[in-house]
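# I would like to see how this sequence folds:
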Amino acid sequence: MKTLILLRHAKASWSDGADSDFERSLKPKGWRQIDKMSAHLQKEGVCPERVFCSPSRRTRETLGPFLESWGLTQDAVVFDDGLYLANEVALLEHIHALQDDLNRVLFLGHNPGLTDLANRLTSREVYIKNLRPCGVVILEFAVESWQDVAVGEGRLALHLRPKELED
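Coordinates of the predicted model:
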């Protein structure tokens, strides 16, 4: 069994004075989303063995509190330039290249790639309109090798939006 966790970066600012999209930082709302989502996932026992993360500022900022809540160090993280704004085809190539000794991995990145990937990997009965900022999708695959992860074969174990955790 292989488990793929998809996490979109938290709410980012378009007006923070960043010189580029790559350098955009999180809004205060994004930090609140992270607090709630990381606490919820930690409570539910959702913890990856390895994290593959886009190197953008907003994904790095999103990642820090999650690592802390899971008790993971930077050694568990791979920053990959190829994940910045990657489409679902590129993301699937990354998945197929994963080492088979890993059973639970997390990809932290951007839309529309993450939403498109989730929809591509699940059955046609499942449709995610938009993976919201700091939203999580967990997909399970009844395979022994990441190379065997196939279109339409993932079981949606969780789709959670931060709004669902607000009190």
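
# I would like the residues contacting the longest helix anywhere in the chain, please.
Counting residues, the longest helix found in the chain (DSSP state H) is helix 28-43. Applying Cβ atoms under 8 Å, 6 or more residues apart in numbering, the contact partners of helix 28-43 are 9-12, 26, 47, 58, 61-62, 65-66, 68-70, 133-134, 136, 160, 162, 165-166. The C-beta positions use only the backbone N, C-alpha and C, and glycine is treated the same way.

# I'd like the average pLDDT over it.
pLDDT averaged over helix 28-43 equals 96, rounded to a whole number.

# and after that helix, which helix or strand comes next?
Using DSSP states H and E, the helix or strand that follows helix 28-43 in sequence is strand 50-53.

# Restrict the contacts of helix 28-43 to the buried ones and give me that as a PyMOL selection.
Entered in PyMOL, the line below selects the buried ones among those, by 16 or more other Cβ atoms under 10 Å:
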select buried, resi 9+10+11+12+26+47+58+61+62+65+66+69+70+133+134+136+160+162
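
# Show me where this protein has its strands.
With strands called from DSSP state E, the chain shows them at 2-8, 50-53, 77-79, 104-109, 136-141, 155-160.

# Report the spatially nearest residue to Ala86, omitting neighbours in sequence.
Excluding the flanking residues, the one nearest Ala86 by Cβ to Cβ, 6 or more residues apart in numbering is Gly113, at 4.8 Å.

# Roughly how far does that neighbour sit from Gly30?
Taking Cβ to Cβ, to the nearest Å as the measure, Gly113 and Gly30 are separated by 19 Å.
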